[in-house]
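# need coordinates for the following:
(chains A and B)
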Amino acid sequence: MITVRDLRKHYRVHKRPPGLWAALRSVVSRTYETVPAVDGISFELAEGERVGFLGPNGAGKTTTLKVLSGLLHPTSGEVRVHGHEPRRRDDGFLREIMLVTGQKQQLLWDLPPADTFDLNRAVYDVPRADFKRTVDELVDLLELSDLIGKPTRQLSLGERMKCELAAALIHRPRVLFLDEPTLGLDVNMQTVVRGFIRTYNERHGATLLLTSHYMDDVAALCPRVIVIDKGVLSYDGSLEELSRRVRPEKHVVLRFSRAVDAADLDGLGEIVSREPASVTLSVAPGAVTDVVSRALARLPVEDLTVQSPPLEEIMSELFSRSRAEREPPA
Amino acid sequence: MSRYVRLLYHQLRASVLLSAQYRADFLIDAAIEVLWAGLAVVPLLIVFGQRSDVAGWTFGEALLVTGFFTLLQGVLEGAINPSLTAVVEHVRKGTLDFVLLKPADAQFLVSTARFSPWRAINVVTAAVIFSFAFRHIGAPPTAGGLLLAAASLLAAVTILYSLWILTVSASFYVVKVDNLTYLFSSIFDAARWPASVFRGGLRVLFTVVIPLAAMTTYPAEALLGRLSWQNAAIAMGMTVGLAVVSRLVWVRSLSRYTSAGG
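As a prediction, the model looks like this:
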C-alpha cells in the first residue's frame, strides 16, 4: 500500500536574466526563487495495482517517483510505502522497492549483465537458490540467454533495457517505480517490455507506478491513471472515465466500397478526416446508433468501427484545459 | 560486518574482471607504474649526489620516505582514486540514484566500486625500495619499529581516504571538482620528501592542514625507531578527527543530492 498525503517538493533555484552583465552580477549577489515541482498531491495505491502516472514534461512526475523511492526528501507532506517512510531509506524499504528509468542505467558498462546480476545478488543478500530461480525466470521471460554473457556496451538500446529490467528485479521488489521504461525503444521492443512488466505484476503481485510518454504503454498496462500538471493533481481514476470526461464523443470510422461525395456525409457528424473512400466522424455518444444506421442506409459501407478518440488527443486536451483553468486570459 | 566483507569481495571481483578484460591496458599500466616508481628515486639521487644529508635525513633514510610515498600512491591510484572519481561522474549524470537505492552504506558502495588491481605493482616496487634503503642504512628495522610503522601506515591510508572523501563531497556542491582532485594530487607529490625539508608556512601546511608528514615521514620515522610519542599521538588524533569529519561531511552532502536529469 502506498499513501501520499499533501506531498510538496519545492526547489530553491538561482534565477538571473540573460546576458553577461547579469551573469557577472550573479557572482556577487544572487536572487533565488522557489519552484513548486510538486504542490500538494495526494493519492493511494493498493497492493498489486498498476497505475499510470501522467503529465506533460516538467509536471512533477519524476520528482514524485524520486520522493517515493527515497532519493529526494519532501518539503512537506506524508509519504508511506508499505509502511516505510522512504526518506529514511532503511534497508527494509530499499529491499522492497526499485526504480527503473529509461534514461539512466545501473548495468556495469564494460562487463556482461550477468556480472551486474551477481553483484546485485550480493548487495541484496539473495540466497543462491532464489537467485538462480529468479534469473532463470527473467532470462526466459525476456529472452536474455544470448545477451547476459556479452559486455553491456555491445548490446543495443533495447537489449540493454531488457537487461536493466532484469538487474532491477533480482531482489524481487514488491513495488516498482518505472520512469519512461520504453524510452527510445522500437515498437517491437516496447511490446516485449510492456508484456514483461505486466507478467511480473501478475505473477508476483507487485505494485507498479509507471510514467510514460507513450500512451500505448499506459493503455496496455494501467487500468487506472493519475494525471498531474505543474505539480497539481488533475485527475485520478480509470482510463475509460478519463476519456468519457474529457472527450465523450466517439469516432465512427466508415470505409466505403467506392468514393463518396462530401455532400453525402452531410448531417452525419463532424468530419475528423476524410479520404475518397473513407471517413472518420466525431459523434456525440448518444447519437452513435442513429448515425450508424443512417450511414448504413444511404452509403456503400464496407467496414465500420466505433472507437474512442486516441489517448494522445485526450491527454493533450486535458493538459491544455487545466492550463487554461489555471491561467485565465487577462 | 561479514556482509560488508562479502560485498567488498564482490566489488573487488568485478574490478578484477574488468581489468582482465583489458589486458593491453594492464601491461601498459604496469610498465608505466614501474617506470614512475623508478623515477620517484631520481630526485633523491640528484640531491644526494651533491650532499650526504638533507634536513637531518641520510640517503637511505630518505629512501624510506620515498618507499612509503610509492606505497601510498599505489593505494591512492589503485584503491581510492578510481572509485571516488567515479562518484563525481555519478553525481554529474544522476546515476548515483542507483547507489542510493541499494540497501548498503552508500559511502562504502562508492568507495569500493572500482579498483585498479594492477597498481598492486607499487607494493612490490615499495618493497624493493625498502630493502635497498635498509641495505644502505646498514641495520634492519626492529620488531617494535615495524609494528609502529604498520600502525602509522594504516593511519596514513585513513587520512588519505578521508581527505579524498572531503574532496569528493565537494562535488555535491560544485558538480565539477576535477581541478580540486588535480590540485590534491599535485600537493600529495610533496609527500615524497621528509617533512623537515619544508620550512615556515609550507611546513605548517604539510603538517597540519594537509598532513603529508603523517602520511610518509612519520611511518619512515617509526621504521627508524625515532618517531616521537608526541608525533604518534598527533597522527592518531588527526586520523580519528579527519575520519569523523569526512563521514559527517559526506552524510550532509548526500542530503543535498538532488539527482540530475528528468
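# separation between residue A:162 and residue B:52?
From residue A:162 across to residue B:52, the span is 69 Å (C-beta to C-beta, to the nearest Å). Just so you know, the C-beta spots here come from the backbone N, C-alpha and C atoms, and that holds for glycine as well.
# just want to know which of those two has more residues nearby.
Shown here are residue A:162 and residue B:52; by other C-beta atoms under 10 Å in any protein chain shown, residue A:162 has more neighbours (25 against 7).
# for the chain, which spans come out with low pLDDT?
Went with chain A since none was named. Residue ranges of chain A with pLDDT under 70: A:326-330.
# oops, wrong one, chain B.
For chain B, the stretches flagged by pLDDT under 70 are B:1, B:175-177, B:258-262.
# show me what from it comes close to chain A.
B:3, B:6-7, B:10-11, B:14, B:17-18, B:21-22, B:93-95, B:97-98, B:100-104, B:109, B:255, B:257-259, B:261-262 (C-beta under 8 Å from any C-beta of the partner chain).
# which helix runs longest in chain A?
helix A:187-204 (DSSP state H).
# show me how chain A divides into domains.
Chain A resolves into domains spanning A:2-10+A:37-243, A:249-307 when parsed by automatic domain parsing.
# highest average neighbour count across the ones you listed?
Highest mean neighbour count of the domains of chain A: domain A:2-10+A:37-243, a mean of 19 (counted as mean count of other C-beta atoms under 10 Å in any protein chain shown).
# residue boundaries of the strands in the stretch 51-200 of chain B?
Under the criterion DSSP state E, counting those that start in this stretch, the stretch 51-200 of chain B contains strands at B:53-54, B:57-58.
# write out the residues of chain A neighbouring chain B.
A:11, A:57, A:62, A:66, A:69-73, A:89, A:91, A:94-95, A:97-99, A:101, A:103-106, A:108, A:110-111, A:115, A:118-119, A:122-125, A:151, A:179-180.
# in strands only, show me the residues you listed.
Per DSSP state E, strands hold the following members of the residues of chain A next to chain B: A:11, A:97-99, A:101, A:179.
# make JSON lines from the residues you listed and add distance to residue B:243 to it.
As requested, those are exported to JSON lines (distance: C-beta to C-beta, whole Å):
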{"residue": "A:11", "distance to residue B:243": "33"}
{"residue": "A:97", "distance to residue B:243": "32"}
{"residue": "A:98", "distance to residue B:243": "32"}
{"residue": "A:99", "distance to residue B:243": "32"}
{"residue": "A:101", "distance to residue B:243": "34"}
{"residue": "A:179", "distance to residue B:243": "37"}
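# and those, which two are furthest apart?
Spatial extent of these (C-beta to C-beta) is set by the pair A:11 and A:98 at 24.9 Å.
# rewinding a little: quickly compare the strands of the stretch 51-200 of chain B and say which is most buried.
strand B:57-58 (a mean of 18).
# centre of the chain versus that strand, how much separation?
24 Å (C-alpha atoms, centre = their mean, to the nearest Å).
# do stretch A:302-313 as well
22 Å.
# for the residue of the stretch 201-330 of chain A found nearest chain B, what are its contacts?
With C-beta to the nearest C-beta as the measure, residue A:211 is the residue of the stretch 201-330 of chain A nearest to chain B, at 9.5 Å. Residue A:211 is in contact with A:52-55, A:61-62, A:65, A:178-180, counting by C-beta atoms under 8 Å, 6 or more residues apart in numbering or on different chains.
# related to what we said a few turns ago, mind listing what whatever helix or strand comes next after the longest helix of chain A pairs with, with the direction of each?
With elements assigned by DSSP states H and E, the helix or strand that comes after helix A:187-204 is strand A:207-211. Strand A:207-211 has the following strand partners under DSSP bridges: strand A:50-54 (parallel), strand A:175-179 (parallel).
# in stretch B:188-203, what counts as buried?
If you call a residue buried by 16 or more other C-beta atoms under 10 Å in any protein chain shown, then stretch B:188-203 has these buried ones: B:188, B:190-195, B:197-198.
# just the residues of chain B next to chain A: which are in helices?
Checked against DSSP H, the residues of chain B next to chain A include these in helices: B:3, B:6-7, B:10-11, B:14, B:17-18, B:21, B:93, B:97-98, B:100, B:109, B:255.
# quick one, what contacts the nearest residue in space to residue A:228 that is not next to it in sequence?
Nearest non-adjacent residue to residue A:228, counting by C-beta to C-beta, 6 or more residues apart in numbering or on different chains: residue A:55, 4.5 Å away. If a contact means C-beta under 8 Å, 6+ apart, then residue A:55 has A:61, A:211, A:227-229, A:319 as its contacts.
# kindly recompute the last result at 7 Å.
A:61, A:227-229 (C-beta atoms under 7 Å, 6 or more residues apart in numbering or on different chains).
# next: residue B:141.
By C-beta under 7 Å, 6+ apart, residue B:141 lies in contact with B:134, B:223.
# picking that back up, what's the spacing between the residue nearest to residue A:228 and chain B?
Per C-beta to the nearest C-beta, to the nearest Å, residue A:55 is found 12 Å from chain B.
# can you pull the phi/psi pair for that residue?
Dihedral pair for residue A:55: phi 170, psi 160, per degrees, to the nearest 10.
# next one: residue A:218
phi -70, psi -50.
# now it. Nearest residue, chain neighbours left out?
Of all residues beyond its chain neighbours, the one nearest residue A:218 is residue A:52 (4.0 Å), with distances taken as C-beta to C-beta, 6+ apart.
# for the one you found, list each beta-bridge partner.
Legend: beta-bridge partners of residue A:52 under DSSP bridges are residue A:210, residue A:225.
# was I right about it contacting residue A:223?
No: using C-beta atoms under 7 Å, residue A:52 is not in contact with residue A:223; the gap is 8.9 Å.
# farthest-separated two in the ones in helices among the residues of chain B next to chain A?
By the measure C-beta to C-beta, B:21 and B:255 form the most distant pair in these, at 36.4 Å.
# and the two? which has more neighbours close in?
Ranked by neighbour count (other C-beta under 10 Å), residue B:21 and residue B:255 place residue B:21 first, with 13 against 9.
# grab the nearest non-local neighbour of the more buried one.
Take residue B:21 and drop its neighbours on the chain: the residue closest to it by C-beta to C-beta, 6+ apart is residue A:110, 6.1 Å away.
# and residue A:44, by the same measure?
Leaving aside its chain neighbours, residue A:44 sits nearest to residue A:3 (5.3 Å; criterion: C-beta to C-beta, 6+ apart).
# where does that neighbour land in three-state SS?
With DSSP: H, G, I helix; E, B strand; the rest coil as the basis, residue A:3 sits in strand.
# hmm, residue A:198 is touching residue A:222, no?
No: taking contacts as C-beta under 7 Å, residue A:198 lies outside contact range of residue A:222: 10.0 Å.
# pull the distance from stretch A:89-101 to the chain's centre.
Centroid separation for stretch A:89-101 versus its chain: 20 Å, with C-alpha atoms, centre = their mean.
# got it, and stretch A:277-296?
Centroid separation for stretch A:277-296 versus its chain: 32 Å, with C-alpha atoms, centre = their mean.
# before we move on, what about stretch A:171-184?
Worked out by C-alpha atoms, centre = their mean, stretch A:171-184 lies 10 Å from the chain centre.
# what does it rub up against?
A:2, A:62, A:65, A:68-69, A:81-82, A:95-103, A:120, A:124, A:126, A:134, A:157, A:161, A:190, A:193, A:197, A:204, A:206-214, A:217.
# the closest residue to residue B:81 other than its chain neighbours: neighbour count?
Excluding the flanking residues, the one nearest residue B:81 by C-beta to C-beta, 6+ apart is residue B:164, at 7.5 Å. Residue B:164 is flanked by 21 other residues according to other C-beta under 10 Å.
# any idea how far residue B:164 is from residue B:111?
Distance of residue B:164 to residue B:111, given as C-beta to C-beta: 9 Å.
# okay, and the common contacts of these two?
Common contacts of residue B:164 and residue B:111, defined by C-beta under 7 Å, 6+ apart, comprise residue B:84.
# in this structure residue A:280 contacts residue A:268, no?
No: with contacts counted by C-beta under 7 Å, residue A:280 stays clear of residue A:268, the gap being 11.2 Å.
# good, wrapping up.
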